[in-house]
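Participant: Predicted model and sequence below, questions to follow.
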Amino acid sequence: MKDFKSVEILIVEDNPNDAELIVRALKKQNLANDLYLAEDGEEALDFVYCRGKFAGHPCSGSLKVIFLDLKLPKVDGLEVLRELKSDISTKSIPIVIITSSKEDPDIKTAYDLGVNAYVVKPVSFEDFVNAIQKTSLFWLLVNEAPK
């Protein structure tokens with residue numbers, strides 16, 4: 001059984017190619033040991049709140065960052081963000097939107113809801129990997145989170 005309590009990175013991404021790129025970028029920096037990949041917003045919320053298929057498992061106790069796509073099936077990224085940032089027990093978890101949307105309303109809404117960073121997915125493979133690596137290094141190694 002996977003020890004979900006040790007997960008430090010939650011990746012919420014429905015596109016398998018983008019998910020694989022994110023995981024590969026993390027592996028290049030040796031940061032992929034403790035991650036969980038959720039394929040939709042509902043699964044992400046279930047993971048964080050230990051419900052659904054995660055009920056009864058100790059999970060998400062050591063999350064250092066959530067990488068969240070906006071356009072997701074079941075529950076979209078902005079709704080996931082809204083729910084997590086409005087809950088006292090989860091609002092301090094850093095959430096980084098990683099999306100292809102450069103739309104001003106999405107960016108403004110995300111910041112209004114409390115997103116910690118908003119990263120637009122670069123088109124080229126090398127730029128994408130570089131952006132993920134820099135973002136990951138900051139949130140996992142540089143940022144000091146509250147205890």
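Facilitator: Nice, thanks for sending it over.

Participant: got any ranges where this protein has weak pLDDT?
Facilitator: For the chain, residues meeting the criterion pLDDT under 70 lie at 1-7, 32, 59-61, 147.

Participant: Break down the protein into its helices, ranges please.
Facilitator: Using DSSP state H, the helices found in the chain span residues 16-28, 41-49, 77-85, 104-112, 125-137.

Participant: quick one: buried residues of the second one?
Facilitator: Buried residues in helix 41-49, defined by neighbour count with 16 or more other Cβ atoms under 10 Å: 41-49. (C-beta placed from N, C-alpha, C; glycine too.)

Participant: if we can go back for a sec, closest to K71 out of the helices of the chain?
Facilitator: helix 77-85 (6.9 Å; Cβ to Cβ).

Participant: Show me what that closest one packs onto, helices and strands only.
Facilitator: Other helices and strands packing on helix 77-85, by 3 or more Cβ pairs under 8 Å, 6 or more residues apart in numbering; DSSP states H and E, are helix 41-49, strand 65-68, strand 95-99, helix 104-112.

Participant: ok, the spatially most central residue of the chain - contacts?
Facilitator: Residue closest to the average C-alpha location in the chain (Cα atoms, centre = their mean): F67, at 2.0 Å. Neighbour list for F67: 9-13, 22, 96, 98, 132, 135 [criterion: Cβ atoms under 8 Å, 6 or more residues apart in numbering].
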